[in-house]
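sequence and predicted structure are below.
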Amino acid sequence: MQLIDGKATAAAIKKEIAEEVERIVAAGGKRPHLAAVLVGHDGGSETYVRNKVKACEECGFTSSLIRYEADVTEDELLACVDRLNRDADVDGFIVQLPLPPHIAEQKVIEAIDFRKDVDGFHPVNVGRMAIGLPAYVSATPKGIYELLRRYGIATSGRKCVILGRSNIVGKPMAQLMMQKQYGDATVTVCHSHSRTLKEECRAADILIAAIGQPGFVTADMVKEGAVVIDVGTTRVPDPTRKSGYRLCGDVRFDEVSPKCSFITPVPGGVGPMTICMLMLNTLAAGKREYYG
Ligand code: GUN
């Protein structure tokens, strides 16, 4: 069994990005600028955004953080999106999700100029990616694909089972893995109503778990020699930790890992790659790589 080290891979990619940024700046180009909008004080979102700002520093990007209290109106938030769309210095920006229930998330996503949508959530980017055109790709699936690629894991023609059908992970992951220029795999997506979920998992050469249920994947669901990617990051209360919680994956690592050829740990697997791919998307935005 080989552990897939997302932390080390992300550090190596961030170093590559930082070097490229310094080359761009030395040649008189613009330093990429990522803005993040954070609404309210959700613990998980605070951590993600803090880590995104830190990653910007590591990559040599300019970053801005725009904060609103949880009672911000939808109109105020849409006005902020409009300002960021028109701000020539901002190359890309994200609105951290989830948003409070009185704000229509999809409306906010669609208000973002797709050319600055470094999260890859706007329907233009989702659609372009689905038909194989250059586009911003959602960071978690992109990070998983990058891990498979960098670890030399063959995917072409192999059976890939994805647990979960979210817009952010499951659906774009399925798109990437099925496309000829990416995974070129045979893809099955399972979800809470799948009748043959266990059987599908047992047949998987590559199993990607993104359902957000701690310990859902047990040893009897995994084929000998499979590659297992754990996207789960549920916060489970843990009084022995300073933070008061620990991150728990969707896979029972202790019993599943002995059967795997490769497996990602939680934490230190997919998580660090997600933020790193946001940095790669921001670099692409700075270079006007997809939309000129
Ligand atoms: N909430 C959880 N993951 C993400 C992400 O990748 N981007 C944004 N904007 N919000 C999130």
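Yep, it's here. Numbers count the residues shown, from 1 in each chain.

return the distance of stretch 224-244 from the chain's centre.
Distance of stretch 224-244 from the chain centroid (Cα atoms, centre = their mean, to the nearest Å) equals 16 Å.

for it, measure first residue to last.
36 Å (Cα to Cα, to the nearest Å).

report the contact partners of the closest residue to the ligand within the stretch 101-250 of the chain.
Proximity of the stretch 101-250 of the chain to the ligand (Cβ to the nearest ligand atom) peaks at residue 119, 4.7 Å away. Every residue, glycine included, has its C-beta placed from N, CA and C. Contacts for residue 119 (Cβ atoms under 8 Å, 6 or more residues apart in numbering) come out as 94, 136, 138-139, 278, 281.

figure out the helix or strand that the residue positioned nearest the centre of the chain lives in.
With distances taken as Cα atoms, centre = their mean, residue 140 lies nearest the centre of the chain, 2.0 Å away. Assigned by DSSP states H and E, residue 140 belongs to helix 139-150.

would you tell me whether that helix gets close to the ligand?
Yes - against the ligand, helix 139-150 shows contacts by Cβ under 6 Å from any ligand atom at residue 139.

for the very next helix or strand once past that helix, what is the average pLDDT?
Downstream of helix 139-150, the next assigned helix or strand under DSSP H and E is strand 159-163. Average pLDDT, strand 159-163: 99.

elements contacting whatever helix or strand comes next after strand 159-163?
Next in sequence after strand 159-163, counting helices and strands by DSSP H and E, comes helix 170-178. Contact here means 3 or more Cβ pairs under 8 Å, 6 or more residues apart in numbering; DSSP states H and E; on that basis helix 170-178 packs against helix 123-130, helix 139-150, strand 159-163, strand 186-190, strand 206-209.

paired strands for the fourth one, with orientation please.
Translated: strand 186-190. Strand 186-190 pairs in its sheet with strand 159-163 (parallel), by DSSP bridges.

report the buried residues of the strand it pairs with.
Of all the residues in strand 159-163, those buried under the rule 16 or more other Cβ atoms under 10 Å are 159-163.

from the residues you listed, pick out the ones that also neighbour the ligand.
Among these, no residue is within reach of the ligand (Cβ under 6 Å from any ligand atom).

residue ranges of the strands in the stretch 1-150 of the chain, please?
Applying DSSP state E, counting those that start in this stretch to the stretch 1-150 of the chain gives strands spanning 2-3, 33-39, 62-68, 92-95.

out of these, which is closest to the ligand?
Taking these one by one with Cβ to the nearest ligand atom, strand 92-95 is closest: 4.3 Å.

what's the local residue count around the residue of the stretch 51-200 of the chain found nearest the ligand?
Distances between the stretch 51-200 of the chain and the ligand by Cβ to the nearest ligand atom are smallest at residue 97, namely 3.7 Å. By the measure other Cβ atoms under 10 Å, the count of residues near residue 97 is 16.

and residue 27, by the same measure?
7.

what's the answer for residue 169, then?
24.

now it, nearest residue through space, not along the chain?
Using Cβ to Cβ, 6 or more residues apart in numbering and skipping the chain neighbours, the partner closest in space to residue 169 is residue 210 (4.3 Å).

for the residue of the stretch 51-200 of the chain closest to the ligand, which non-adjacent residue is closest in space?
residue 105 (6.3 Å).
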